[in-house]
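Enquirer: Provided below for reference: sequence and predicted model.
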Amino acid sequence: MTGRFIKYKNAQPDFKGTIFGGSAICFEAKQTMKDKIKISVLTDYQEQALELHYQLGAITGICINLNNDFYFVPYALWRLCKEQWDRQYFTKEDLKEYKVRFNGAVNFLDFVNGNKVEFMKEFVKG
């Protein structure tokens, strides 16, 4: 069985909420069956919403299904790709630090390497 993101509307980010401890969180979910994900998958509105929440200090990211592997990528890293690098995509190798557990459900706060999103500084504006 594989996981799949289903997007119902474009009006708001895919998820906005509060995690245990009181931190705000906002993310978009994207998927591709290709070997890389282009940063252009975010619409201008989605990027603006993530940017606003990032500037306000929320945990922000993009939850990605990349050819049936799942990652929770910090929005701050996504911004760097667009602003500073010579390419406009990420590969599995680029994202291996951000791979999350999948057990029939995507555990986007539970990284395979044991890290927890609420303790990772790269998810919030520093």
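Expert: Okay, I see it.
Enquirer: so who does the nearest residue to Tyr54 once chain neighbours are set aside touch?
Expert: Closest residue to Tyr54 apart from its sequence neighbours, by C-beta to C-beta, 6 or more residues apart in numbering: Thr60 at 4.4 Å. No exception for glycine: its C-beta is placed from N, CA and C like everyone else's. Thr60 makes contact with Ile25, Cys26, Phe27, Leu50, His53, Tyr54, Pro74, Tyr75, Ala76, Phe123, Val124, according to C-beta atoms under 8 Å, 6 or more residues apart in numbering.
Enquirer: measure Thr60 to Glu122 for me?
Expert: With distances taken as C-beta to C-beta, to the nearest Å, Thr60 is found 10 Å from Glu122.
Enquirer: what do these two both touch?
Expert: With C-beta under 8 Å, 6+ apart as the test, Thr60 and Glu122 both reach Pro74, Ala76.
Enquirer: would you mark the buried spots in the helix or strand hosting Leu52?
Expert: Using DSSP states H and E, Leu52 maps to helix 44-55. Buried residues in helix 44-55, counted by 16 or more other C-beta atoms under 10 Å: Gln46, Glu47, Ala49, Leu50, His53, Tyr54.
Enquirer: which residue ranges of the protein form helices?
Expert: Assigned by DSSP state H, the helices in the chain fall at 44-55, 75-84, 92-95.
Enquirer: can you tell me which of these is nearest to Arg101?
Expert: helix 92-95 (14.4 Å; C-beta to C-beta).
Enquirer: related to what we said a few turns ago, least reliable of the helices of the chain by average pLDDT, please.
Expert: Lowest mean pLDDT of the helices of the chain: helix 75-84, a mean of 84.
Enquirer: hey, where'd the strands end up in the protein?
Expert: 15-18, 24-32, 36-38, 59-66, 69-74, 89-91, 100-102, 106-111 (DSSP state E).
Enquirer: strand partners (parallel or antiparallel) of the third one?
Expert: Applying DSSP bridges, strand 36-38 is found paired with strand 89-91 (antiparallel).
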